[in-house]
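Peer 1: A structural model of the following input is requested.
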Amino acid sequence: MGVLGIFMSRSDNPEGSVSTDTSHFDATICDFAWYTPYGNGTYGYRTHVFSHEPAAGDITWYHWATQGNTQGAADDGWEHQILDAMGRAIVVIEFANGTYALQIYGATTTTGAYSATTWPSALTRMDMSIDMSAGGITINLYLDGSGTAAVTHTNADAGTRTKPVTINLRNLDTDHVYTSELYVADFDTRDTRPVKQMPDAVGNYTDWLGGYSELGDEEVMTCADGVANGDKVSVNVATYGGPATPAGIKSVVLKSVVSKGATGPQNVDPFVRIAGTDYSAGSITPEDAPLAEYAEWLTNPNTAVDWVVADLDSTEIGLEVKT
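Peer 2: This next block holds a predicted model:
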């Protein structure tokens, strides 16, 4: 299992609109929400498009938190469009006078039953599973970690649609939408929440040109550069600010936006440093343009048991240049 994409940094969409009004997101989890204004007309607003890796299996999970107004209360519309590698829509959340359903695009377009209640206007956590096994598409949308789907729908024939790799936070004839806590995985995301921690101090290694301030400012153009094989940079991260007593930490994920240089070593190895020992995630080969890469540790590699909150504040994160 693994995380396929995390979209909680402004560098994920530098031109995208955000809100720092804490009424629109949980400030213990993140520090802003993606903002999509009221959209109308044929195309609506297309402001936040995020791509991720395809799931290893048939099921892809999306998690996000939404705060909006009375979505669809005055007219019919949709939001949160998910697409395949060819840019073809797989599903949107469809609205009719405040109630909502799943509209699935397979060989034909079909819409499921509408919800018994209207779209929640308070900040609400949502999880969506997309199952493309058996030649069809089955989608469930859950609210606040519930084990029972608020809406569900199956389109028996997926047609030529392939696994989802993009989520487009786009509105058509719905009210303002604020989306935060957005991540994608190939495991069940219900009862999980991503907690964002950013670099805030120099770590043990300072071989790279640039350091924690460049790595933690969420700007792609201000970066740290590793030159020679074996060069390392590491940083401490800000104090964990999430829930005080989580049921468990599913994994620690290091997200880095990296690109390879024109000359010299072409690989980079993410690592965590705990109690004076480095634990490698394995080398990756970045693309020519800056793109997100993910390294994941399901357990604390120093203890070989589940992570606990105290581990997070004493763990350095880093990158090593590799040939």
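
Peer 1: low-confidence ranges in this structure?
Peer 2: Counting by pLDDT under 70, the ranges of the chain that qualify are 1, 39-46, 69-75.

Peer 1: Domain map for it?
Peer 2: 3-185, 199-322 (automatic domain parsing).

Peer 1: Do a quick rundown of the helices in the stretch 201-323 of the chain.
Peer 2: For the stretch 201-323 of the chain, helices defined by DSSP state H, counting those that start in this stretch occupy the ranges 212-215, 309-312.

Peer 1: Looking at these, spot the one closest to Trp34.
Peer 2: Set against Trp34 and scored by C-beta to C-beta, the helices of the stretch 201-323 of the chain come closest in helix 212-215, at 22.1 Å. From N, CA and C alone the C-beta is placed, and that goes for glycine too.

Peer 1: CA atoms only for the closest one - export them in PDB, please.
Peer 2: In PDB, the C-alpha atoms belonging to helix 212-215 read as follows (Å, rounded to 0.1, in the frame of the first residue of the first chain):
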ATOM      1  CA  TYR A 212      15.900  24.500   5.200                       C
ATOM      2  CA  SER A 213      14.700  27.900   4.300                       C
ATOM      3  CA  GLU A 214      14.800  27.100   0.600                       C
ATOM      4  CA  LEU A 215      13.300  23.600   1.100                       C
END
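
Peer 1: mind putting the helices of the stretch 201-323 of the chain in TSV, mean neighbour count included?
Peer 2: Output for these, formatted as TSV (neighbours: other C-beta atoms under 10 Å):
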stretch	mean neighbour count
helix 212-215	18
helix 309-312	15
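
Peer 1: just the helices in the stretch 1-150 of the chain please.
Peer 2: Going by DSSP H, counting those that start in this stretch, the stretch 1-150 of the chain shows no helices.

Peer 1: can I assume Asp207 is in contact with Asp231?
Peer 2: Yes - look at Asp207 against Asp231 with C-beta atoms under 8 Å: they come within range, at 3.9 Å.

Peer 1: more neighbours, the two?
Peer 2: Between Asp207 and Asp231, counting by other C-beta atoms under 10 Å, Asp231 is the more crowded of the two (20 against 17).
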